[in-house]
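Chemist: the amino acid sequence is not available; the structure is as follows:
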Ligand SMILES: [Zn+2]
């Protein structure tokens with residue numbers, strides 16, 4: 001996926017930085033708001049991995065707290081030393097299915113993924 005700059009209100013993904021915990025408010029596939037909360041950065045999590053995780057929510061992926069570094073959606077369950085920003089093959093396959101219209105509405109609409117990196 002490539003992100004392109006948008007003009008004005010045309011942005012489908014908005015990314016903000018604040019002092020809270022990272023969280024995402026998806027609004028359909030490829031749409032929503034990401035808050036890059038500084039708290040997880042302060043706790044030592046790798047910022048590019050946080051961004052990749054939150055954008056995973058934008059693409060319809062749920063949290064999967066399996067503790068594995070090779071899964072983007074493991075979030076805070078993986079150690080702070082984890083710097084992987086590549087989705088697991090199963091995550092990539094799910095995004096491809098979601099892009100084809102297969103995302104369950106409950107995963108992509110009106111659900112807030114909060115404190116994904118919180119202990
Ligand atoms: Zn999450």
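Modeler: Cool, got the structure. If you're wondering where the values come from, they're calculated on a predicted model, not measured in any experiment.

Chemist: how many neighbours does residue 79 have?
Modeler: Using other C-beta atoms under 10 Å, residue 79 has 11 other residues around it. Using the backbone N, CA and C atoms, a C-beta is placed for each residue, glycine as well.

Chemist: is it fair to say it lies in a strand?
Modeler: No: per DSSP: H, G, I helix; E, B strand; the rest coil, residue 79 lies outside any strand segment and is coil.

Chemist: might one say that it is in contact with residue 69?
Modeler: Yes: using C-beta atoms under 8 Å, residue 79 makes contact with residue 69 at a distance of 7.1 Å.

Chemist: can you get me the start-to-end distance on stretch 63-71?
Modeler: End-to-end distance for stretch 63-71: 10 Å, by C-alpha to C-alpha, to the nearest Å.

Chemist: circling back: shared neighbours of residue 79 and residue 69, anything?
Modeler: Both residue 79 and residue 69 lack any common contact, where contact means C-beta atoms under 8 Å, 6 or more residues apart in numbering.
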